[in-house]
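K.L.:
Here you go, sequence then predicted model.
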Amino acid sequence: LVVLGIETSCDDTAAAVVRSSGEILSQVVSSQADLLARYGGVAPKMAEEAHSRVIDQVIQEALDKANVSETDLSAVAVTIGPGLSLCLRVGVRKARRIASSFNLPMVGIHHMEAHALVARLIERQLRFPFMALLISGGHNLLILAQDLGQYIQLGTTIDDAIGEAYDKTAKWLGLDMRRSGGPAIEELAREGDAESIKFSIPMKQHKDCNFSYAGLKTQVRLAIESRKINAEIPISCASSQDRSSRADIAASFQRVAVLHLEERCERAIEWALNIEPSIKHLVVSGGVASNEYVRARLGHVVKKHSLQLVCPPPSLCTDNGVMVAWTGIEHFRMGRFDPPPPADEPEDLMYDLRPRWPLGEEYAEGRSEAR
Ligand code: ATP
Ligand code: FE
């Protein structure tokens, strides 16, 4: 099988061509980082326009680099949720046009399932059941993957995701926002003293696997204010004392943000092993999983439980088309796909988009155990 994957759920326009053998034939990402830096966040209408401007080119480039044409494809996979519906629509419309023109089956993909399943492309020994911690800009999920399409949600965030906390901290510290905040904080934190500020670890009193990052964000903001750090002064222009104070905040924030992940993973591993004692792996994926400190700390956690950590390479952790194509292959192989759309489909058709789309059922026993 050769599958084209298309991803437009948030601020990256991505496409890739992947073979069912796991060979990545091409991977193209066009990011809206410049727009984000200028406007300080994702504005749906602007993001939609940016996707529309580049989508044709991104897909053509993916096909060219893979040295295939549409007629060589077995199917088209496209993210249908969760995400911004205006943005999802751009990818889905394009996917449907290709599928109807070339009579190709279509696979609608869950963005977070794709973040998790791409781990099976890079680690061929990774079999169900396994656990996954999915950490990105909009999600903070702990799941037990029992089988393809069969997930139990052990924990989620009750407010913000960790990536959002990285991004805000970076903004308040005056870091270069032309790329996302996460890598900038990771880099600056290397210069800082992670023990210098004792932020409190979120949700200590809640004996469950849920997350919260809003409170930590507030603690960070207060620390920045009390040290009179001025985000208007870019870090590159800061005095050496100012710089080291910012680095201390970055390092202290990162330590606690990741400690929160570690604590929740510890508990989730216990829960998951109760349900599925044969689990061998914890997958960590999503943009924040490209962070080396995160990987190292979670590496220690899994070791204690004799599990193995599976982390995709950074380019497959952040949003990409490969994960969509691969998840398409997984579903297609199991006969889960839609027939090619009709050629005379109206332009203003309401597509089956799922902007809000939970991944799996909530783990009910977790709630009673948490009491
Ligand atoms: P979602 O997957 O929830 O829809 P998204 O698709 O916008 O969100 P991803 O591309 O999966 O997000 O991840 C982007 C997030 O990952 C951003 O918040 C970014 O700051 C964060 N991130 C990227 N690299 C790193 C890093 N090295 N350290 C920490 N965070 C990082
Ligand atoms: Fe994502």
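P.N.:
The structure has been received and is ready for your questions. Here the structure is a predicted model, which is why all the values come from computation and not from measurement. Ligands and ions are numbered 1, 2, ... in the order given.
K.L.:
got the residues of the stretch 251-371 of the chain near ligand 1?
P.N.:
Taking Cβ under 6 Å from any ligand atom as the criterion, the neighbours of ligand 1 within the stretch 251-371 of the chain are 286-288, 290-291, 318-319. Any C-beta I mention is one placed from the backbone N, CA and C, and that applies to glycine too.
K.L.:
next helix or strand past the one helix or strand Leu298 maps to?
P.N.:
Assigned by DSSP states H and E, Leu298 belongs to helix 292-304. Next in sequence after helix 292-304, counting helices and strands by DSSP H and E, comes strand 308-310.
K.L.:
anything in whichever helix or strand comes after that following strand near ligand 2?
P.N.:
Past strand 308-310, further along toward the C-terminus, the next helix or strand under DSSP H and E is helix 314-317. No: counting by Cβ under 5 Å from the ion, ligand 2 has no neighbours in helix 314-317; the shortest distance is 8.7 Å.
K.L.:
From here on, call the first residue 28.
P.N.:
Okay, residue one is now 28; in that scheme the one you just asked about reads as helix 341-344.
K.L.:
Helix 341-344: which residues count as buried?
P.N.:
Of the residues in helix 341-344, 343-344 count as buried by neighbour count, 16 or more other Cβ atoms under 10 Å.
K.L.:
and if you look at stretch 122-141?
P.N.:
Neighbour-count burial for stretch 122-141 flags 122-123, 125-127, 131-141 (criterion: 16+ other Cβ under 10 Å).
K.L.:
Stretch 250-262 now?
P.N.:
Within stretch 250-262, the residues scored as buried using 16+ other Cβ under 10 Å are 250-251, 256, 262.
K.L.:
can you check stretch 234-249 too?
P.N.:
Neighbour counts using 16+ other Cβ under 10 Å place 235-240, 242-244, 246-247 of stretch 234-249 among the buried residues.
K.L.:
model confidence over it, on average?
P.N.:
Per-residue pLDDT over stretch 234-249 has a mean of 98.
K.L.:
go on, stretch 265-275?
P.N.:
Mean per-residue pLDDT for stretch 265-275: 97.
K.L.:
Please save the CA atoms from it in CSV.
P.N.:
Taking Å, rounded to 0.1, in the frame of the first residue of the first chain, the C-alpha atoms of stretch 265-275 are listed here in CSV:
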residue,chain,number,x,y,z
ALA,A,265,18.9,41.2,28.2
SER,A,266,21.8,41.9,30.6
SER,A,267,23.6,38.8,31.8
GLN,A,268,22.0,39.1,35.2
ASP,A,269,18.5,39.4,33.6
ARG,A,270,19.3,36.5,31.3
SER,A,271,20.3,34.2,34.2
SER,A,272,17.2,35.2,36.1
ARG,A,273,15.1,34.2,33.1
ALA,A,274,17.0,31.0,32.7
ASP,A,275,16.3,30.1,36.3
